[in-house]
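Q: Whatever this is, show me its structure:
(chains A and B)
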Protein chains: 2
Amino acid sequence: MLNFAFKNRTEILFGKDQINEIASRVPSEGKVMFLYGGGSIKKNGVYDDVVNALKGVDFVEFSGVEPNPTYETLSKAVELVKEQNVTFILAVGGGSVIDGAKYVAAAANYDGDGWDILVNGAEVKSALPIGAVLTLPATGSESNGNSVVTRKETQQKRAFGTPIVQSQFAVLDPQYTFSLPTRQISNGVVDAFVHVIEQYLTYPVNAPLQDRFAEGILSTLIEQGPKALENPEDYDVRANVMWSATMALNGLIGQGVPQDWSTHMIGHELTALYNLDHAVTLAIVLPPLMFVQQEQKRAKIIQLGERVFGLNMEDKNELIDATIKHTQDFFEQMGIKTKLGDYDLGEEAVEAVGNNLDRNGMTALGEHGDIDVAKAKKILSLAL
Amino acid sequence: MLNFAFKNRTEILFGKDQINEIASRVPSEGKVMFLYGGGSIKKNGVYDDVVNALKGVDFVEFSGVEPNPTYETLSKAVELVKEQNVTFILAVGGGSVIDGAKYVAAAANYDGDGWDILVNGAEVKSALPIGAVLTLPATGSESNGNSVVTRKETQQKRAFGTPIVQSQFAVLDPQYTFSLPTRQISNGVVDAFVHVIEQYLTYPVNAPLQDRFAEGILSTLIEQGPKALENPEDYDVRANVMWSATMALNGLIGQGVPQDWSTHMIGHELTALYNLDHAVTLAIVLPPLMFVQQEQKRAKIIQLGERVFGLNMEDKNELIDATIKHTQDFFEQMGIKTKLGDYDLGEEAVEAVGNNLDRNGMTALGEHGDIDVAKAKKILSLAL
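A: So this is what the prediction gives:
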């Protein structure tokens, strides 16, 4: 097992009507920014719940944070924060809104253009405090310090991370997910699944507990994901998906083990170029990446097949093929197509992603740093 | 799944030589109490490491905290804290030392006799901050807010818990466990195993992720525990045991599910009366408790047998018997005898424990509150 330092500073408020707990946690002095995305929270009652919970609190709204939140939109929120002397940000939505809140919280306290934080490694020395009300289980953003922001102008999708921007609390009420469109549940389950894979499917370092936790989340997503599509108002199913998605990326399962993240990095370029849903890009990239990296990942692919998919085959090469097929089939079962052609993309996308990776310095991806641009293009070619 | 609020405030510093990290985390102003148990840390180098790490820090030592730390000893530490104006406690040892530090930290700030906190439910409003260096993986005390203290004078072993007394950081260096006596590793593994059982072996509430995490810890302890006895200096094995013991009782796996803790409550009385090792009492009580409560715990005992012990039987009553047997066999494999007679105790102990439970108001134990004194005595009778 590798050394690690780990602390998770977010208080999880999980369950029915936990929104009522935020009144005692949002500071009563100062000014709160109530940050959200489109209008869905006005239709499903979450908006009203939040306004109720903020009774007596001075707040200003900022709406319109997009899926794959953009620097362009968030910069307007940063301006409003400064103009109104906002002291606390309450992010209400999915990972995009919460990621956006983190950027706003850091950029507001940064002396210069916040984009420096994403491209020039500018240090985040302080940030406004954040709280989160999660409406879409997927990214884990509600209890980690990661944020991904896209700059439309340059078609760049970049990430930064620091515990300084992590939410102080996160309300996870499974009821808030009942009205989600099918596509968002599909995306969320696949996103969480791949988050686990990125921290699990590398090489063994004799860390069996981390392996079993990862396998526990994967098995739960495989078991509960399809049920979440079939019965949108089954509280327990939605609760299990929600808790799995949080545990998938709150830092715990990745402690003391190598990590990969190449599927995400390649996928980010597909989103930046063609605006594909984040989870769609992961579903396209992961199966061929497993195929191409099967020697490096051999022991863990076999373990995944045997323990998570329950496969039992003498010939381990056959087992590896079957495990990749099961992974791809799970994405398709969740309603996500896994080929570039399904999204009307062809050879030109392979070329463009390659160029973008090169431009962004993403030329040594994976747990061994052995996925260069040529290999990334080979992976994408297998998804044509 | 049940509602919950969860945050774990301890920063885990896991791995080789992580003691070096404490220099930046112990406050450089004020006065530190370096609290420890017997002399073992002077023999295995931990004492020197701590003194090195505290270079430049003003500290005072307090040693002699016993296994099952006593009110009598800890009260002397409280006096010293007051006398020397201690502002931070560094607990170096196993669960007993860390539990003791929590009591000292709370009692030092309590206006009155600290024992009130343990028997009269006096509220802990503040406490001195604590840090921990763990030398014995077992209780999880390094990253939870629980503390158990024994009053010798009255043979009472009582618990209190609040996040206010939880360690700010915890150093978990598996190397520090290499020199532990076999008995302490045996105890630690069994203690951690039963911590998981108390949060798992109740009734199903459709919380499959919590179940799988619990099963993951149990499987890891069953797999790594015997290896830890065979190869005391196998770093990875000790690391896996250490991380499992922390995860067993840092609060995570018990969120959103019912809990039991009757094995602990009955066991505590055996320790208070006869000074048996904590883990020994759990190994004595759990198997007959599973037998007596097999109807209430039926679904989860079957799940434990199938998923953790890999049992596969048509007849579920047979499977339950086999699961109890496997549990008991695991304790024996870890070198812990499971019968009262093995410790020269007989009917008189059954009677005395019953009387103590009655006196301490422990008359409705278990996840259903249906373990009264008569049933507790029946359970112990089966361990004769």
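Q: what about stretch A:175-184, near chain B?
A: No - figure legend: stretch A:175-184 not in contact with chain B (CB under 8 Å from any CB of the partner chain); closest approach 11.5 Å. C-betas here are computed from N, CA, C, even on glycine.
Q: Pull out the buried residues from that stretch.
A: Residues of stretch A:175-184 classed as buried by neighbour count (16 or more other CB atoms under 10 Å in any protein chain shown): A:Gln175, A:Tyr176, A:Thr177, A:Ser179, A:Leu180, A:Gln184.
Q: I'd like a version of those residues in CSV, one that adds pLDDT and secondary structure as further columns.
A: Shown next, in CSV, are those (pLDDT from 0 to 100; DSSP: H, G, I helix; E, B strand; the rest coil):
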residue, pLDDT, secondary structure
A:Gln175, 97, helix
A:Tyr176, 96, helix
A:Thr177, 96, helix
A:Ser179, 93, coil
A:Leu180, 94, coil
A:Gln184, 95, helix
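Q: For A:Tyr110, see how far away the nearest residue to A:Gln155 once chain neighbours are set aside is.
A: Among residues not flanking A:Gln155 along the chain, A:Ala272 sits closest, at 4.8 Å (CB to CB, 6 or more residues apart in numbering or on different chains). From A:Ala272 across to A:Tyr110, the span is 23 Å (CB to CB, to the nearest Å).
Q: can you give me the strands in chain A?
A: For chain A, the strands defined by DSSP state E cover A:4-14, A:32-36, A:59-62, A:88-93, A:130-134, A:146-151, A:156-161, A:169-172.
Q: Please work out which of the ones you listed is packed deepest.
A: Stretch with highest mean neighbour count among the strands of chain A: strand A:130-134 (a mean of 28; mean count of other CB atoms under 10 Å in any protein chain shown).
Q: other SSEs contacting that strand?
A: strand A:88-93, helix A:95-108, strand A:169-172 (3 or more CB pairs under 8 Å, 6 or more residues apart in numbering or on different chains; DSSP states H and E).
Q: as a whole number, average confidence for it?
A: Averaging pLDDT along strand A:130-134 gives 98.
Q: could you dump it to PDB, C-alpha only?
A: Output of strand A:130-134 as PDB, limited to C-alpha atoms (Å, rounded to 0.1, in the frame of the first residue of the first chain):
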ATOM      1  CA  ILE A 130     -19.300  26.700  -0.100                       C
ATOM      2  CA  GLY A 131     -22.300  24.600   0.800                       C
ATOM      3  CA  ALA A 132     -24.000  22.200  -1.700                       C
ATOM      4  CA  VAL A 133     -27.500  20.800  -2.300                       C
ATOM      5  CA  LEU A 134     -27.100  17.900  -4.700                       C
END
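Q: B:Thr281: which of the buried residues of stretch A:175-184 is nearest?
A: A:Gln175 (42.8 Å; CB to CB).
Q: Tell me who's in contact with the closest one.
A: Neighbour list for A:Gln175: A:Lys16, A:Asp17, A:Tyr235, A:Arg238 [criterion: CB atoms under 8 Å, 6 or more residues apart in numbering or on different chains].
Q: Just the buried ones from those?
A: Buried members of these, counted by 16+ other CB under 10 Å: A:Tyr235, A:Arg238.
Q: Let me have the contacts of A:Gln175 in JSON lines, extended by pLDDT and distance to chain B.
A: Shown next, in JSON lines, are those (pLDDT from 0 to 100; distance: CB to the nearest CB, whole Å):
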{"residue": "A:Lys16", "pLDDT": "97", "distance to chain B": "6"}
{"residue": "A:Asp17", "pLDDT": "96", "distance to chain B": "8"}
{"residue": "A:Tyr235", "pLDDT": "98", "distance to chain B": "8"}
{"residue": "A:Arg238", "pLDDT": "98", "distance to chain B": "10"}
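Q: So which of the contacts of A:Gln175 is the closest to A:Phe4?
A: Distances from A:Phe4 to these, taken by CB to CB, are shortest for A:Arg238, at 31.4 Å.
Q: which residues does that closest one contact?
A: Contacts for A:Arg238 (CB under 8 Å, 6+ apart) come out as A:Pro137, A:Pro174, A:Gln175, A:Thr177, A:Phe178, A:Ala228, A:Pro232.
Q: now do A:Arg298
A: So A:Arg298 contacts A:Lys316, A:Ile320 (CB under 8 Å, 6+ apart).
Q: how many other residues sit next to A:Ser244?
A: 29 (other CB atoms under 10 Å in any protein chain shown).
Q: same for the helix or strand bottoming out on mean pLDDT in chain A, what does it pack against?
A: Sorting the helices and strands of chain A by mean pLDDT, DSSP states H and E puts strand A:156-161 at the bottom, at a mean of 90. Using 3+ CB pairs under 8 Å, 6+ apart as the contact test, the elements touching strand A:156-161 are helix A:115-119, strand A:146-151, helix A:262-274.
Q: could I get these as a markdown table with mean pLDDT?
A: Below are the helices and strands packed on strand A:156-161 laid out as a markdown table (pLDDT from 0 to 100):
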| stretch | mean pLDDT |
| --- | --- |
| helix A:115-119 | 95 |
| strand A:146-151 | 94 |
| helix A:262-274 | 95 |
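Q: which one in chain A is furthest away from the centre?
A: Relative to the mean C-alpha coordinate of chain A, counting by CA atoms, centre = their mean, the farthest residue is A:Glu314 (35.9 Å).
Q: what does chain A put close to chain B?
A: So chain A meets chain B at A:1-16, A:18, A:21, A:206-209, A:212-213, A:215-217, A:219-220, A:223-224, A:236, A:239-240, A:243-244, A:247, A:252, A:255-256 (CB under 8 Å from any CB).
Q: Give me the subset of the residues you listed lying in helices.
A: Of the residues of chain A next to chain B, the ones assigned to helices by DSSP state H are A:208-209, A:212-213, A:215-217, A:219-220, A:223-224, A:236, A:239-240, A:243-244, A:247.
Q: so what's the residue nearest to A:Phe14 when sequence neighbours are not counted bridging to?
A: Counting by CB to CB, 6+ apart, A:Phe14 lies nearest to A:Leu172, which is 4.6 Å off, once chain neighbours are set aside. For A:Leu172, the beta-bridge assignment (DSSP bridges) gives partners A:Phe14, A:Leu134.
Q: With A:Phe160 instead?
A: Taking DSSP bridges, one obtains A:Ser147 as the residues bridged to A:Phe160.
Q: give me every residue that touches it.
A: For A:Phe160, the contacting residues are A:Tyr103, A:Ala106, A:Ile117, A:Leu118, A:Val124, A:Asn146, A:Ser147, A:Val149, by CB under 8 Å, 6+ apart.
Q: and B:Asp48, which of the helices and strands packed on strand A:156-161 is closest to it?
A: Of the helices and strands packed on strand A:156-161, nearest to B:Asp48 by CB to CB is strand A:146-151, at 39.3 Å.
Q: A:Leu118 contacts A:Arg158, correct?
A: Yes - with contact defined as CB atoms under 8 Å, A:Leu118 counts as touching A:Arg158 (4.1 Å).
Q: I'm done for today, thanks for sticking with me.
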